[in-house]
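**Student:** here is my input, please return the structure:
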Amino acid sequence: MGPPPATGAQSPANSVEDAVHVAHREGNDFAESIARDAPALWMEAVLVRRPRMPSDLEARLLQGSALPIDFLLRDEVRDALRQGFWSALERAARG
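**Tutor:** Predicted structure coming up:
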């Protein structure tokens, strides 16, 4: 028998508290990767809508997370993803 499927991979978090920290870092990393290539006007347009994230960005953020769905269904974990995203995007826009 071969190795387990990718969906059986070890979770990067063992508790909700861990998941919140992982989510914040993932949101931060996602925003940094987008900000590298994004025009300044696009970033301003996204930031002006805060706290509403464009649905395509939010979908990519959630889909790109390594966290299991059990954690992603929790409000505090999704909030941490968004908070990490907004913090990094604001830093990139200023920097």
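
**Student:** please identify the helix or strand for the most centrally placed residue in the chain.
**Tutor:** By Cα atoms, centre = their mean, the chain has its centre lying nearest to Gly27, at 2.8 Å. Assignment of secondary structure by DSSP states H and E places Gly27 within helix 16-37.

**Student:** quick check, distance from that helix to the centre of its chain.
**Tutor:** Chain-centre distance of helix 16-37: 4 Å, with Cα atoms, centre = their mean, to the nearest Å.

**Student:** contacts for whatever helix or strand comes next after it?
**Tutor:** Later in the chain than helix 16-37, the nearest helix or strand by DSSP H and E is helix 40-48. With contact meaning Cβ atoms under 8 Å, 6 or more residues apart in numbering, helix 40-48 is reached by 35, 53-54, 57, 86, 89-90, 92-93. To be clear about C-beta, it is placed using only N, CA and C from the backbone, and glycine gets the same treatment.

**Student:** next helix or strand past helix 40-48?
**Tutor:** Assigned by DSSP H and E, the successor of helix 40-48 is helix 55-63.

**Student:** taking helix 16-37 as reference, get the angle to that following helix.
**Tutor:** Counting by axes from the mean of the first three to the mean of the last three Cα atoms, to 10 degrees, helix 55-63 points 130 degrees away from the direction of helix 16-37.

**Student:** chain center to helix 55-63: distance?
**Tutor:** Here the centre of helix 55-63 is set off from its chain's centre by 8 Å, with Cα atoms, centre = their mean.
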